[in-house]
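Undergrad: What follows is a predicted structure for the sequence shown.
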Amino acid sequence: MPDHFAGDPRTNRERMLAGDLYIADDPDLAREAQRAVRLAAEYLAAYAQDSGAAQAVVAELIGSLGAGAHIKPPLFVDYGTYITIGEGTFVNYNLTALDVAPITIGRDCQIGPNVQLLTPTHPVEPGPRRDKLEAALPITIGDNVWLGGGAIVLPGVTIGDNSVIGAGAVVAKDVPANVIALGNPARVVRPVGV
């Protein structure tokens, strides 16, 4: 396997969090990912018995979970530790949040079922640098945002406060505050409240 990072003393985790190319199947990252799988499974099982008691498990999985935030399982994450969810936010079933870069969800958001928040990117040029390499860009969702069921938010996107993203939308570029965006690719169709 080629040494893609000769002379770069950073770990793959450090490169990943900086948004630079890194080796995705790094053993240290694999251990973190396995921890996330274990905690997500524990959360699902605990939630089935007592949703209130299960909050301790999801609080261990998610990097920062605001007061009164609620996530319905199942939940799928790469690591969980790079996710921030603000107070009062509600997340419906089947959130997939690939947090190889930070994912920040603001306060009082409503996240529909089957939403995907995808931070990873991959090299697109052919050649030996494509093997097992990826990079990532953070996702930021403002306060009081509603993401309709099945919405997909792509790497590097910021969604402004009070905006609504329609069901099934694919958000490939930033969405300003106080608007409704629909479609694939998502386009702003009007201000909120008009």
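TA: Received it, and whenever you're ready, just let me know what you need.

Undergrad: State the number of residues packed around Arg38.
TA: Neighbouring residues of Arg38 were enumerated by other C-beta atoms under 10 Å; the total is 12. C-beta: built from backbone N, CA, C; applies to glycine.

Undergrad: scratch that, Arg31
TA: Applying the criterion other C-beta under 10 Å, we find 9 residues in the vicinity of Arg31.

Undergrad: any idea of the mean pLDDT for whichever helix or strand it is part of?
TA: Using DSSP states H and E, the element containing Arg31 is helix 27-49. For helix 27-49, the mean pLDDT works out to 97.

Undergrad: which ones are touching the closest residue to Ala177 other than its chain neighbours?
TA: Of all residues beyond its chain neighbours, the one nearest Ala177 is Gly160 (3.1 Å), with distances taken as C-beta to C-beta, 6 or more residues apart in numbering. Applying C-beta atoms under 8 Å, 6 or more residues apart in numbering to Gly160 gives the contacts 142, 145, 174-179.

Undergrad: and if we set it to 7 Å?
TA: The contact partners of Gly160, taken as C-beta atoms under 7 Å, 6 or more residues apart in numbering, are 142, 175-178.

Undergrad: Can you turn the buried part of those residues into a ChimeraX selection?
TA: Below is the selection syntax for ChimeraX that covers the buried ones among the contacts of Gly160, with 16 or more other C-beta atoms under 10 Å defining burial:
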select :142,175,177,178
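
Undergrad: all helices of this structure, in order?
TA: Using DSSP state H, the helices of the chain run over 12-17, 27-49, 55-61.

Undergrad: neighbours around Asp25, how many?
TA: The tally of other residues near Asp25 (other C-beta under 10 Å) stands at 11.

Undergrad: what separates it from Asp50, distance-wise?
TA: From Asp25 over to Asp50 the distance is 36 Å, taken as C-beta to C-beta, to the nearest Å.
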